[in-house]
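> curious how this folds, go ahead:
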Amino acid sequence: MTADPLATSVGERDEAIRMVEGEFMNMVGRLRRLIARRADRLSPGLLPGGFKVFTMIALDGPLTASAVGEQLLLDKSQMSRMVSTLEERNLVVRTPDPNDRRAQLLEATPEAKARLDEIHGDPSERSLKHKLSHWNVDDIQRLADLLHALNEDEDAAED
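Residues are numbered from 1 along each chain as shown. The predicted structure is shown next:
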């Protein structure tokens, strides 16, 4: 007979939730350091915010600046500065949007995409892929499913 997962004390549940929050804080700190390191490898002196914008464009582009800004919660002035920086470093180019003559699309340059691929493929990077390489595939899928469920819970209070 399996125990009811909801039949725990409030204290036990609260402590378990605090442990999860602590692990997420550790993960966020590690992710910030990883982003800063990768930003500098992509283009020395590039700030982490610029790297996030570039990565979104490289992986999902071409995109409008407003689409990127909306997704990353950046205002127009922040986006404008970041796009200018990325253009100056030859990481992105603007092209006219064929669906809206007033808009421009941002696209990663082929050279910048190649550098990003090189960074992601570098075995010296202690990446998530490396950390999960010894995990059972079913456990990795379960983790992905649990994180997806956590991210998709629209009724949860935003703290």
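> local confidence estimate at the closest residue to residue 107 other than its chain neighbours?
With CB to CB, 6 or more residues apart in numbering as the criterion, residue 107 has its nearest non-adjacent residue at 4.1 Å, and that residue is residue 62. Yep, even glycine has a C-beta here, placed from its N, CA and C like the rest. Predicted confidence (pLDDT) for residue 62: 94.
> buried set for the helix or strand where residue 50 lies?
Per DSSP states H and E, residue 50 falls inside helix 48-60. By neighbour count with 16 or more other CB atoms under 10 Å, helix 48-60 contains the buried residues 48-58.
> just the CA trace of that helix, in PDB.
The C-alpha coordinates for helix 48-60 follow below in PDB (Å, rounded to 0.1, in the frame of the first residue of the first chain):
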ATOM      1  CA  PRO A  48      24.900  38.900 -19.300                       C
ATOM      2  CA  GLY A  49      21.800  40.800 -20.400                       C
ATOM      3  CA  GLY A  50      23.200  41.100 -23.900                       C
ATOM      4  CA  PHE A  51      24.000  37.400 -23.900                       C
ATOM      5  CA  LYS A  52      20.400  36.600 -23.000                       C
ATOM      6  CA  VAL A  53      19.100  38.800 -25.800                       C
ATOM      7  CA  PHE A  54      21.500  37.300 -28.300                       C
ATOM      8  CA  THR A  55      20.800  33.700 -27.200                       C
ATOM      9  CA  MET A  56      17.100  34.200 -27.700                       C
ATOM     10  CA  ILE A  57      17.600  35.700 -31.100                       C
ATOM     11  CA  ALA A  58      20.100  33.000 -32.100                       C
ATOM     12  CA  LEU A  59      17.800  30.100 -31.000                       C
ATOM     13  CA  ASP A  60      14.400  31.500 -31.900                       C
END
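> turn the buried residues of helix 48-60 into TSV, including distance to residue 109 and pLDDT.
Output for the buried residues of helix 48-60, formatted as TSV (distance: CB to CB, whole Å; pLDDT from 0 to 100):
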residue	distance to residue 109	pLDDT
48	20	95
49	19	94
50	14	96
51	15	97
52	17	95
53	14	97
54	10	97
55	14	96
56	15	96
57	10	97
58	9	97
